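K.L.:
the sequence and its predicted three-dimensional model are supplied below.
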Amino acid sequence: FTQQVVWCLTCAFIAGVTTLRLNFHLGKKWDWEILVMALMVCAVLVVILGQTSNLTVLFGEDPDEVWGAEFSSSREAWALLGVHFMTTSTAFFLPIRCCLSWIVPAVGLVIYGC
């Protein structure tokens, strides 16, 4: 549930900023490259930290005990697939300079490794 709320708030923020930019011509001097990178980093954090088993482990508890169900390793695969999707979409579809393109995969790997 928390992951869905964060995704909805992120989408609402993006829609609001885009509306301000297109309709009211605000934010012309903003560095949109940094803004997009920040949103992609936020998306990677939500994908990794939003997994219920990861959150449970971060708080020092056993996921099987807390949730009353056995978690499979497929959740880890979905988290890695999400990080891969964010990395690939950032590299292929967003006009970001190569000096900044390492940030999204690095944040994903560091957070996943913790």
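P.N.:
Nice, thanks for sending it over. Numbering: from 1, shown residues only.

K.L.:
got the phi and psi for the most centrally placed residue in the chain?
P.N.:
Closest residue to the average C-alpha location of the chain: A43 at 1.6 Å, with Cα atoms, centre = their mean. For A43, the backbone dihedrals (degrees, to the nearest 10) come out as phi -60, psi -40.

K.L.:
I'd guessed it sits against F13; true?
P.N.:
No: counting by Cβ atoms under 8 Å, A43 does not reach F13; the two are 11.7 Å apart. From N, CA and C alone the C-beta is placed, and that goes for glycine too.

K.L.:
ok, back up a step: report pLDDT for the residue nearest to the centre of the chain.
P.N.:
A43 is assigned a pLDDT of 78 by the prediction.

K.L.:
could you measure from it over to H84?
P.N.:
13 Å (Cβ to Cβ, to the nearest Å).

K.L.:
need the helix or strand of this protein with the lowest average pLDDT.
P.N.:
In the chain, no helix or strand scores lower on mean pLDDT, DSSP states H and E than helix 52-58, which sits at a mean of 73.
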